[in-house]
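Peer 1: Pasting the sequence and the predicted model now:
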Amino acid sequence: MIILIFKVSNDEKKLEGIHGSLQLIFDAIDSNQDEAISSEEFGIYFQSLGVSDNAFADVIFNEMDSNKDGLLNKHGLIDFLFKKNTIQ
């Protein structure tokens with residue numbers, strides 16, 4: 001089980017900062033700048049973090065890909081991180 005911990009503040013400025021940071025991270029992962037993260041781009045991102053197990057990245061990607069179209073969009077990624085904190 002992987003637990004992603006986000007303590008969401010009621011402070012509007014802090015929330016804007018977190019949201020802005022997540023947008024920057026999304027843009028960095030989206031290497032072809034098509035406004036979507038493919039499973040390949042996601043795997044490359046995990047490799048850059050030192051995680052060489054592609055199966056691990058695939059499990060997380062598939063959990064985040066709520067509509068199962070093989071792509072993560074910016075809003076879907078941010079919504080996932082703020083609304084769900086456990087991947088099983």
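Peer 2: Sure, I can see it. Quick caveat, the model's predicted, so the values are computed rather than measured.

Peer 1: can you map out the helices along the chain?
Peer 2: 12-29, 39-48, 54-64, 74-83 (DSSP state H).

Peer 1: Could you give the number of residues near Asp65?
Peer 2: Neighbouring residues of Asp65 were enumerated by other Cβ atoms under 10 Å; the total is 19. To be clear about C-beta, it is placed using only N, CA and C from the backbone, and glycine gets the same treatment.

Peer 1: What backbone torsions are found at it?
Peer 2: Main-chain torsions, Asp65, degrees, to the nearest 10: phi -80, psi 80.

Peer 1: so who does it touch?
Peer 2: 39, 71-72, 76 (Cβ atoms under 8 Å, 6 or more residues apart in numbering).

Peer 1: One more: Asp69?
Peer 2: Applying Cβ under 8 Å, 6+ apart, no residues contact Asp69.

Peer 1: re earlier: could you single out the nearest of the contacts of Asp65 to Phe26?
Peer 2: Lowest distance from Phe26 to these (Cβ to Cβ) belongs to Leu72, with 8.2 Å.

Peer 1: Does that closest one touch Met64 like I think?
Peer 2: Yes - if you go by Cβ atoms under 8 Å, Leu72 and Met64 touch, sitting 5.7 Å apart.

Peer 1: of the two, who's got more company?
Peer 2: Remark: of Leu72 and Met64, Leu72 carries more neighbours, 24 against 17, as counted by other Cβ under 10 Å.
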